[in-house]
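>>> Quick one, what's the 3D model for this:
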Amino acid sequence: MTDSSTAKQWQNQQERGSPFLLNLLTWVALHLGRRMIFVWLCAIVFYYFLFARSARSASRNFLQRARQRSPKWWEIYRHLLTFAQVAMDRIYFLAGREAEFDVHIHGNELFDQYKNRGCFLLTAHIGSFDALRVMGMGRRSDALPIRILLDIQHNGNVMRLLQKLDPQLAAGVIDARTPAPTLALILSEAIEQGHLVGIMADRCAQGERSAAVDFLGTRAQFPAGVWQLAALLKAPVISCFGVYSGANRYDLHFELISEQLGTNRQDRPEAISAGMARYVARLQDLVREHPYNWFNFYDFWQDESTAHH
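Coordinates of the predicted model:
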């Protein structure tokens, strides 16, 4: 099981912003552009920076680990501002305006190799998963078929945006709170149909099975259930991270983690452990290189010693 206090910490965090504010920001973003929204965000985030003590503390703790020195106040502010920028860029990607961005893709030849074959795309709360739209996901006839596993209850604002700007993608969302046996069937069907299943694999839900992996100098809990499902379904696992590199540039990084997590039940645990270690190592490299892209604003390493495998 995972450390319940850490899971409670992020699951109990409320989404910032009312539906009215979200609609207003969406209108401003789509009608007045990224420059105008950036001016707004600088002021909004500074107010948030002044009063959101827990987010400041989490940012300081993370940046200290990633950079191995104490961060300046303006670095914490920049961290929060980057999160806000990426969150607003989601509007442009979902509205089909990805041409406005300079997107560089690393490792996309994997999708020629795995065309029409179901895969698990494991990402994290780093940068933008929405930047993947440049891969043709969405409206185009040659779009890569993708399903997103999402905690709908915890991400109400995200779902409202999806339903408003991309109903087709919203219709394919799989609720992460679906009971385990049913969820396994839905994912099995998606893999059999050749879909790419996008999953955030860095946060443990309360009561979810987890494993401790070295991350930025300390062992942290990562969810194990998704890896066990991938092994059971014999699906390839690909890590994918959409890093925001400043201005209008995003870098998409794809890497094959495992063609198959074990060939039988006996070697499955070792294969899962190796896969998780490779995924976390890749994540660690990217957050050290792009620390402002880390968007887990809670104590990611809290009480690791009390967690159970």
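>>> Can you give me the neighbour number for residue 169?
Neighbourhood size, residue 169 [other CB atoms under 10 Å]: 20. (Glycine included, C-beta is placed from N, CA and C.)
>>> so it touches residue 94, yeah?
Yes. Judged on CB atoms under 8 Å, residue 169 makes contact with residue 94 at a distance of 7.5 Å.
>>> any common contacting residues for these two?
residue 162 (CB atoms under 8 Å, 6 or more residues apart in numbering).
>>> Verify the stated contact: residue 122 with residue 223.
No. In this structure, residue 122 is not within contact of residue 223 by CB under 8 Å, at 10.0 Å.
>>> How are the strands of the stretch 201-309 of the chain distributed by residue range?
210-215, 218-223, 237-244, 249-258 (DSSP state E, counting those that start in this stretch).
>>> now swap in the stretch 51-200 of the chain and tell me
Under DSSP E, counting those that start in this stretch, the stretch 51-200 of the chain gives strands at 102-106, 119-123, 146-150, 174-175, 196-200.
>>> Please state the offset of the fourth one from the chain centre?
From the chain centre to the centre of strand 174-175 is a distance of 15 Å (CA atoms, centre = their mean, to the nearest Å).
>>> Could you pull up the mean pLDDT of that strand?
Mean pLDDT, strand 174-175: 95.
>>> That one pairs with which strands, parallel or anti?
Sheet pairing of strand 174-175 (DSSP bridges) gives strand 146-150 (parallel).
>>> And for the first one?
Here strand 102-106 has these sheet partners by DSSP bridges: strand 249-258 (parallel).
>>> can you pull the buried residues of the partner strand?
250-254, 257-258 (16 or more other CB atoms under 10 Å).
>>> Low-confidence bits of this protein, can you list those?
1-17, 136-143, 303-309 (pLDDT under 70).
>>> picking up where we left off before, indicate which one of the strands of the stretch 201-309 of the chain is closest to residue 76.
Minimum separation from residue 76 across the strands of the stretch 201-309 of the chain (CB to CB) falls at strand 237-244, 17.0 Å.
>>> orientation of that closest one relative to strand 249-258 in degrees?
For strand 237-244 against strand 249-258, the angle by axes from the mean of the first three to the mean of the last three CA atoms, to 10 degrees is 170 degrees.
>>> That'll do, ta.
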